[in-house]
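Asks: Okay, predicted coordinates and the sequence, questions at the end:
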Protein chains: 2
Amino acid sequence: MTIKEIAKLANVSLGTVDRVLHKRGKVSKETEKKVLDIIEKGNYKPNIYARGLVLNRSYKIAALVPNYNNGEYWEMPSKGIKMAEKNLSQFGINLSILYFDQNSVSSFTEKAEELLKLKPDGVILAPVINFEAVKLTKKLDEAKIPFSLIDSNIPNSNALSFIGQDAFQSGKLAAKLLCSEINSKGTISIISIKNNENHNKTLQQRIEGFKDYIYNSNFIANITLIEHNIHLGTANWEENLTQACAPTNNTVGIFVPSSMIHHVAKCIESNFDTMSTIKLVGNDLIANNVKYLKKGIINYLIGQRPENQGYLALESFYKYLVLEKQVPQKKYLPLDIITQENLMYYNDDVVSS
Amino acid sequence: MTIKEIAKLANVSLGTVDRVLHKRGKVSKETEKKVLDIIEKGNYKPNIYARGLVLNRSYKIAALVPNYNNGEYWEMPSKGIKMAEKNLSQFGINLSILYFDQNSVSSFTEKAEELLKLKPDGVILAPVINFEAVKLTKKLDEAKIPFSLIDSNIPNSNALSFIGQDAFQSGKLAAKLLCSEINSKGTISIISIKNNENHNKTLQQRIEGFKDYIYNSNFIANITLIEHNIHLGTANWEENLTQACAPTNNTVGIFVPSSMIHHVAKCIESNFDTMSTIKLVGNDLIANNVKYLKKGIINYLIGQRPENQGYLALESFYKYLVLEKQVPQKKYLPLDIITQENLMYYNDDVVSS
DNA sequence: TTGTAGGCGTTATCAT
DNA sequence: ATGATAACGCCTACAA
């Protein structure tokens, strides 16, 4: 069913049908009703090709995400965003990615300024520097630019959508997996490894989830929990890490709530004679972690599909702006449990390659 | 960059550019080269809206999959296929689903006939009745109708794409998970529960993978493996199942290579005093299995994203026929490890809802 | 071998 | 309040 057909059936012109469809007024009640009836009965759906052709709209989406070196976590969301752009550019979605330095607030504010100057039609934001991100969302609200959040959420923001993970639950899952590997009494060490001083809500929530599981399980009778903080690059951080890996001589497990568990794995590898029985659970399928998972030093990794997060974020703008569909306001991606035996099919698990 | 622009730059007409683009010949080498150069440099991409509008093609895709009752495995691939149709119908993809009875060869051949009469532009096939499916693929080849396979593969067929799982690896993973839960010597029972007599290659491969893991691990010293076959609905099948659940009085684990592990779980629940310590690992996130996973009677389920399989199968035809892109010839979906702690975010894990 | 014109369905503008 | 018409970019048929 086309507009032409509707017009013929209603004995009116294309223009009139168009005015009805787009509620532009200047149509008598009478004819409006007649046209609407026909549209209803005929189950009219606009031809998106014709629509796309004549409107010839294109949308500028700007993404503001942390920069990265090869193999680091933030490479993956970026990869997903770029892949989505490859598929969606022909539908009028144009992307600019801006990278900021997680360790530098000024870098963030600079890039945020730059982003606003672009006057984008939509923004993808990774609010890892929480306080500054909040300021940006306020400005975006004022400018009426819709934005999506990835990785972590800003509660009570009016983001178009949030795409990320449930960090608390991720921690619980980590605890469950670690406990399933441990058969004896001993100490579990929670090591937060970070490369900056920012307060990281995700890490905190994972740790809380981890403890929640332990304290509410039977394991707590046999387990002592110890927490450590390591700042990469500070003086003696490597010695401190080695200390943290085996704080007691009956350390049975280590949990690292960031993507940095490969540092622990490396440490264990170099002290293999004394540390080989320690079980390791961490997060994220980055190359360095995968290496130690394959070697059997890391027992489980928990994945949160970061590429998908990026992909879905851009795709949701396509759906919202181009297809004018509704998009889910909140999307938690599954927490994938990765081990040697199922690793191979996650490594190339990207949406619609 | 448009065809018009190319034509102007090359000092030729639209028609000539078009002939070059579509290799219709009747263009002098000279002008062809000139035009191709400009296309190359300008990175010309056809406007898909204009293209879609003028071609106004629509494609009929027919899917031939097993029928199902609510909550059964085959509901999920169908769900995925239907969801894809919802998103893709406006792009000219039309779907007909035909359902056959897995227990009836004649039902399959009938529906296969019906399918061929539809003269579809593409076929999605679940080759669970392997021998008959092969015959159908031959006919499709003759009719030059491209087909995609889901769930299980037909090696050496020239399917457009296969979308499914690595069943052998799935079995290995099941063994790994089961062993991680078991801390003492004992018997592991592999119970094949089926509702038909068909030879099921997937089950067989899962069992082989399972054994492969056990026999090549340290566990084999402590584990005795026993295999059972249960046919639902045959005389005494429930007693037989109860027998199979605890073939010895030190049964420590059970693996069910089909989606039927809920029958075992139910059996264990009714004999909880004697069987509560038995660990269970099975396949597929169907409602009945999920119920027992939540109760803690099933320890792990392995998922293979059946909705995704269906979704991707239809989407691959969209990409192939509408967008004229290449599609991957083989796609193994990840083997998801599901436990109480990460279940919630898998239950609504469907692509692009 | 090359060029031209008409039309796909929708939108928006201009004339009535 | 309504109708006619041009334009979007591409494809095809036909004319030169």
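Replies: Thanks, I have the structure now.
Asks: show me the contacts for residue A:229.
Replies: A:191-192, A:194 (Cβ atoms under 8 Å, 6 or more residues apart in numbering or on different chains). Yep, even glycine has a C-beta here, placed from its N, CA and C like the rest.
Asks: Quick check: the gap between the closest residue to residue A:175 other than its chain neighbours and DNA strand D.
Replies: Take residue A:175 and drop its neighbours on the chain: the residue closest to it by Cβ to Cβ, 6 or more residues apart in numbering or on different chains is residue A:213, 3.6 Å away. Distance, residue A:213 to DNA strand D, by Cβ to the nearest atom of the strand, to the nearest Å: 56 Å.
Asks: Give me the secondary structure label for residue A:213.
Replies: Under DSSP: H, G, I helix; E, B strand; the rest coil, residue A:213 falls in the helix class.
Asks: Quickly note the distance from it to DNA strand C.
Replies: 53 Å.
Asks: try residue A:289
Replies: 49 Å.
Asks: repeat for residue A:277
Replies: 66 Å.
Asks: so which helix or strand takes in that residue?
Replies: Using DSSP states H and E, residue A:277 sits within no helix or strand.
Asks: now do the one 3 residues further on
Replies: Counting by DSSP H and E, the element that carries residue A:280 is strand A:279-283.
Asks: Give me every residue in the stretch 1-150 of chain A lying close to DNA strand C.
Replies: Contact residues, the stretch 1-150 of chain A versus DNA strand C (Cβ under 7 Å from any atom of the strand): A:2-4, A:14-15, A:18, A:21-22, A:44, A:46-47, A:50-51, A:53-55.
Asks: Intersect those residues with the contacts of chain B.
Replies: For chain B, the contacts drawn from these by Cβ under 8 Å from any Cβ of the partner chain are A:47, A:50-51, A:53.
Asks: Buried residues, stretch A:50-57. List them.
Replies: A:50, A:52-53 (16 or more other Cβ atoms under 10 Å in any protein chain shown).
Asks: export it as PDB, just CAs?
Replies: Extracted in PDB, the C-alpha atoms of stretch A:50-57 (Å, rounded to 0.1, in the frame of the first residue of the first chain):
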ATOM      1  CA  ALA A  50      11.700   6.300  -0.600                       C
ATOM      2  CA  ARG A  51      11.600   8.100   2.700                       C
ATOM      3  CA  GLY A  52      15.400   7.800   3.200                       C
ATOM      4  CA  LEU A  53      16.000   8.900  -0.300                       C
ATOM      5  CA  VAL A  54      14.000  12.100  -0.200                       C
ATOM      6  CA  LEU A  55      14.900  13.100   3.300                       C
ATOM      7  CA  ASN A  56      18.600  12.300   2.700                       C
ATOM      8  CA  ARG A  57      19.300  13.000   6.300                       C
END
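Asks: So which residues make contact with it?
Replies: A:91-92, A:322, B:47-50, B:52-53.
Asks: quick check, that stretch touching DNA strand D?
Replies: Yes: Stretch A:50-57 reaches DNA strand D (Cβ under 7 Å from any atom of the strand) through A:50, A:53-54, A:56.
Asks: Filter those down to the ones in strands?
Replies: Members of the residues of stretch A:50-57 next to DNA strand D lying in strands (criterion: DSSP state E): none.
Asks: Can you give me the neighbour number for the residue nearest to residue A:175?
Replies: 23 (other Cβ atoms under 10 Å in any protein chain shown).
Asks: for chain A, what spans make up the strands?
Replies: Under DSSP E, chain A gives strands at A:59-66, A:93-100, A:122-125, A:147-151, A:161-164, A:186-194, A:223-231, A:251-255, A:279-283, A:300-303, A:330-332, A:336-338.
Asks: mind checking which of those strands is nearest residue B:263?
Replies: strand A:336-338 (25.1 Å; Cβ to Cβ).
Asks: And that closest one, what does it pack against?
Replies: strand A:300-303, strand B:336-338 (3 or more Cβ pairs under 8 Å, 6 or more residues apart in numbering or on different chains; DSSP states H and E).
Asks: that older thread, what's the closest of the residues of stretch A:50-57 next to DNA strand D to DNA strand D?
Replies: residue A:54 (3.3 Å; Cβ to the nearest atom of the strand).
Asks: Nearest spatial neighbour of residue A:195, chain-adjacent residues omitted?
Replies: Residue A:195 sits nearest to residue A:232 (Cβ to Cβ, 6+ apart), 4.4 Å away.
Asks: so what's that neighbour up against?
Replies: Residue A:232 touches A:193-195, A:260, A:263, counting by Cβ under 8 Å, 6+ apart.
Asks: What number of neighbouring residues does residue A:28 come out with?
Replies: 9.
Asks: next one: residue A:131
Replies: Residues lying near residue A:131 (other Cβ under 10 Å) number 11.
Asks: got it, and residue A:172?
Replies: 24.
Asks: Next one, pLDDT for it please.
Replies: Model confidence at residue A:172, given as pLDDT, is 98.
Asks: wouldn't it be in contact with residue B:341 here?
Replies: Yes: counting by Cβ atoms under 8 Å, residue A:172 does reach residue B:341; the two are 5.2 Å apart.
Asks: which residues do those two both contact?
Replies: Joint contacts of residue A:172 and residue B:341 (Cβ under 8 Å, 6+ apart) are residue A:213.
Asks: Relative to residue B:35, how far out is the residue nearest to residue A:175?
Replies: 65 Å (Cβ to Cβ, to the nearest Å).
Asks: quick one, what contacts residue A:306?
Replies: For residue A:306, counting by Cβ under 8 Å, 6+ apart, the contacting residues are A:73, A:76-77, A:80, A:151, A:284.
Asks: Neighbour count for these - can I get that in TSV?
Replies: Conversion of the contacts of residue A:306 to TSV gives the following (neighbours: other Cβ atoms under 10 Å in any protein chain shown):
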residue	neighbour count
A:73	19
A:76	24
A:77	26
A:80	24
A:151	24
A:284	22
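Asks: Please identify which pair of those residues lies farthest apart.
Replies: Across the contacts of residue A:306 (Cβ to Cβ), the longest gap, 13.8 Å, separates A:80 and A:284.
Asks: need the helices for the stretch 51-200 of chain A, in chain order.
Replies: A:75-88, A:105-117, A:130-142, A:167-181 (DSSP state H, counting those that start in this stretch).
Asks: Out of those helices, which is the most enclosed?
Replies: Compared across the helices of the stretch 51-200 of chain A, helix A:167-181 shows the largest average neighbour count, a mean of 24 (mean count of other Cβ atoms under 10 Å in any protein chain shown).
Asks: So stretch A:140-153, near chain B or not?
Replies: No: judged by Cβ under 8 Å from any Cβ, stretch A:140-153 stays clear of chain B, getting no closer than 14.6 Å.
Asks: ok, now which ones touch residue A:212?
Replies: A:168, A:171-172, A:175.
Asks: from those residues, which single one is nearest DNA strand D?
Replies: The closest of those, once distances to DNA strand D are taken by Cβ to the nearest atom of the strand, is residue A:168, at 49.5 Å.
Asks: which residue packs closest to that closest one, ignoring adjacent ones?
Replies: residue A:209 (4.0 Å).
Asks: The one you found contacts residue A:167, correct?
Replies: Yes: counting by Cβ under 8 Å, residue A:209 touches residue A:167, with 6.9 Å between them.
Asks: Close to chain B: what parts of chain A are there?
Replies: So chain A meets chain B at A:45, A:47-53, A:56, A:90-91, A:166, A:169, A:172-173, A:176, A:180-181, A:183, A:213, A:315, A:328, A:332-337, A:339-342, A:344-346, A:349, A:351-353 (Cβ under 8 Å from any Cβ).
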